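**Student:** 3D model of this:
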Amino acid sequence: NSTVALGNITAWSWDFGALGVTSGQQNPTVQAINCGQITVSLTVTTDGGCQATSTQTLDVTGMPDIQVTQNSPCEGSLALFDETVSFSGGCTDTYTVTYDFGDGSPTQTGTDLSHLYVAPGTQNAVITATTTSGCSASVTNQVTVLPKPTVNFTMGASGGNGECPNNIISFQSNSNVAPPSSLVNYYWNYGDGTTPFGTGQLSAHTYTLAGQYDVTLRVVTNQSRTDSLTQTLTINPNPVPSFTYDTVCIGSATTLTNTTPADPAMTFQWQMNNPIGNYVGSTATHTYALTSGNQAILTVVDGNGCIASFLDTVYVQPLPVANFTTQTLICDPQKNAIFTNTSTPASGTTQNWDFGDGTFSIAHDPIHNYLGPATYNVTLTVVAGNCNATITKPVVVSQKPIASFTVQQSSRREGIPKLFQRLRKAGYHQ
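**Tutor:** Numbering: from 1, shown residues only. Below you'll find the predicted structure:
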């Protein structure tokens with residue numbers, strides 16, 4: 001910037017002191033290798049041979065170099081920046097760092113900043129370090145904001161059954177992620193402590209107990225980005241079926257009645273054997289052909305679609321067989337009629353006798369005295385449980401005969417007394 005009032009400056013002599021550099025150019029450019037103070041002298045010479053010298057002291061500071069790293073965040077997540085500022089030649093200086101995040105948001109000043117990118121894509125972030133001496137350096141980093149996966153899934157019992165213990169529960173992921181990302185892994189936590197977790201877009205699981213379970217699906221993208229969703233699954237309790245039945249005699253119909261705690265939507269199905277029979281409804285009537293080996297199965301389905309069955313043995317009583325013996329002929333009304341009960345079963349029964357003369361007995365083997373000759377219809381009724389059987393037999397009571405005879409006299413009178421003696425000994429009397 002040298003000037004002369006009269007004439008022209010024709011020569012310039014520069015001495016850069018500690019740099020060891022001189023120059024005869026009017027406007028030289030010199031590179032300072034080291035930081036510090038240097039004394040610069042300029043001597044100018046006019047065309048008249050006059051000279052003038054100017055000396056200044058310059059402070060040489062370092063040129064900053066900035067390097068920045070950052071993560072690749074998902075949309076809605078923070079991008080984390082980490083910058084490093086260095087100086088060459090052992091120089092130091094104070095500086096500020098300014099961030100332009102490239103998404104139209106206001107610039108920010110600070111170090112190791114974070115920034116929330118709300119949309120996926122690639123943004124050019126420009127980071128500038130400026131020293132107090134006015135030296136600056138910038139770096140441009142491409143920030144890739146990865147799309148966040150959207151997690152969703154459905155769950156429910158397979159085959160039209162209810163969400164009940166021991167039923168298969170199906171799970172289906174309806175998750176997605178925007179290109180160029182893609183979903184590569186699915187992890188299912190069924191909420192009941194089962195390990196390992198289920199994998200795949202489709203999964204299935206069986207719960208053994210009723211209750212509420214927090215089911216979590218975690219998805220992973222091809223850039224190793226994850227997200228998860230938790231939903232509550234309710235496993236309804238299975239019904240507890242039960243029934244009662246009336247005990248009948250063989251040949252009679254058995255009525256079975258449901259006693260399961262019911263809801264209005266509950267349905268009932270019955271299966272019987274001996275012979276096979278199938279029925280619907282809260283009650284069923286079935287005639288068993290046997291007294292043993294009889295079974296019934298009640299299957300109930302409640303309003304939640306939960307199903308359970310109950311099997312029980314059904315007892316059918318056999319019919320007793322009534323029978324008795326007595327004398328075939330009673331010749332003397334004053335003698336007792338002895339009755340022997342030969343009914344089966346021999347025990348566990350009660351009996352009722354009707355002797356046909358207006359008298360009765362409940363003894364097992366009664367003895368009865370008829371007051372007059374006649375044919376009496378004796379009826380025995382035996383009762384075993386709810387079953388009974390009856391038999392009637394005639395009992396003949398006859399009048400005792402009267403023995404008599406006559407004797408014709410013989411010419412041999414001496415023989416008559418001896419004949420009477422023999423008759424008396426035999427029990428005959430006249």
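**Student:** need the helix or strand of the protein with the lowest average pLDDT.
**Tutor:** One helix or strand of the chain scores below all others by mean pLDDT, DSSP states H and E: helix 416-425, with a mean of 56.
**Student:** Quick check: what element follows the strand or helix carrying His368 along the chain?
**Tutor:** Using DSSP states H and E, His368 falls within strand 367-369. Using DSSP H and E, the next helix or strand after strand 367-369 towards the C-terminus is strand 374-384.
**Student:** Report the beta-bridge partners for Tyr245.
**Tutor:** Beta-bridge partners recorded for Tyr245 (DSSP bridges): Leu256.
**Student:** So it versus Pro320, what's the distance?
**Tutor:** 21 Å (C-beta to C-beta, to the nearest Å). Every C-beta, even on glycine, is put in place using the N, C-alpha and C of the backbone.
**Student:** And these two? Which one has more around it.
**Tutor:** Legend: neighbour count by other C-beta atoms under 10 Å for Tyr245 and Pro320, higher for Pro320 (24 against 19).
**Student:** Tell me which stretches of the stretch 101-250 of the chain form strands.
**Tutor:** Under the criterion DSSP state E, counting those that start in this stretch, the stretch 101-250 of the chain contains strands at 108-109, 114-116, 121-131, 136-145, 153-157, 168-173, 183-189, 198-199, 202-206, 211-221, 226-235, 243-245.
**Student:** Can you list the buried residues in the fifth one?
**Tutor:** Residues of strand 153-157 classed as buried by neighbour count (16 or more other C-beta atoms under 10 Å): Phe153, Met155, Ala157.
**Student:** Nearest to Trp270 among those residues?
**Tutor:** Set against Trp270, the nearest of these by C-beta to C-beta is Ala157 (24.7 Å).
**Student:** Am I right that the closest one is in contact with Asn166?
**Tutor:** No - counting by C-beta atoms under 8 Å, Ala157 sits too far from Asn166 to count as a contact (10.6 Å).
**Student:** ok, and the closest non-adjacent residue to the residue nearest the centre of the chain?
**Tutor:** The centroid of the chain falls nearest to Tyr207 when counting by C-alpha atoms, centre = their mean (2.9 Å). What sits nearest to Tyr207 in space, not counting adjacent residues and going by C-beta to C-beta, 6 or more residues apart in numbering, is Ile235, at 4.7 Å.
**Student:** count of residues packed around the one you found?
**Tutor:** 24.
**Student:** Under the pLDDT cut-off, which ranges of the stretch 101-250 of the chain? List them.
**Tutor:** For the stretch 101-250 of the chain, no stretch has pLDDT under 70.
**Student:** Is Val145 bridged to anything, and to what?
**Tutor:** On the basis of DSSP bridges, Val145 is bridged to Gly121.
**Student:** Distance check, it against Gly191.
**Tutor:** Look at Val145 and Gly191: by C-beta to C-beta, they are 33 Å apart.
**Student:** Over to Ile307?
**Tutor:** Separation of Ile307 from Gly191 (C-beta to C-beta) stands at 23 Å.
**Student:** related to what we said a few turns ago, which one's more surrounded, Val145 and Gly191?
**Tutor:** For Val145 versus Gly191, neighbours defined as other C-beta under 10 Å are more numerous around Val145 (21 against 18).
**Student:** wait, isn't the more buried one in contact with Gly121?
**Tutor:** Yes - under the contact definition of C-beta under 8 Å, Val145 touches Gly121, with a separation of 5.7 Å.
**Student:** Common neighbours of these two, please.
**Tutor:** By C-beta atoms under 8 Å, 6 or more residues apart in numbering, Val145 and Gly121 have no common neighbours.
**Student:** Tell me which residues of the helix or strand hosting Thr43 come out buried.
**Tutor:** Thr43 belongs to strand 36-46 when assigned by DSSP H and E. For strand 36-46, a neighbour-count test (16+ other C-beta under 10 Å) marks Ile38, Val40, Leu42, Val44, Thr46 as buried.
**Student:** quick one: which of those residues is nearest to Asn336?
**Tutor:** Distances from Asn336 to the buried residues of strand 36-46, taken by C-beta to C-beta, are shortest for Ile38, at 158.6 Å.
**Student:** per-residue confidence for that closest one?
**Tutor:** We note a pLDDT of 87 for Ile38 in this prediction.
**Student:** got it, and the one 4 residues further on?
**Tutor:** pLDDT for Leu42: 89.
**Student:** if I pick it, what's in contact with it?
**Tutor:** By C-beta under 8 Å, 6+ apart, the neighbours of Leu42 are Ser2, Trp12, Ser13, Trp14, Asp15, Thr53, Ser54, Thr55.
**Student:** could you redo the last one with a cut-off of 10 Å?
**Tutor:** With C-beta atoms under 10 Å, 6 or more residues apart in numbering as the criterion, the residues that contact Leu42 are 1-2, 12-16, 23, 26, 28, 52-56.
**Student:** what residues are up against the closest residue to Ala337 other than its chain neighbours?
**Tutor:** In space, and not counting its chain neighbours, Ala337 is closest to His368: 4.9 Å by C-beta to C-beta, 6+ apart. If you count contacts by C-beta under 10 Å, 6+ apart, His368 has them with 326, 330, 336-339, 353, 355-357, 359-361, 376, 378, 395.
**Student:** Equivalent analysis for Thr291, please.
**Tutor:** Counted by C-beta under 10 Å, 6+ apart, Thr291 has contacts Cys249, Ile250, Asn274, Tyr315, Val316, Gln317, Pro318, Leu319.
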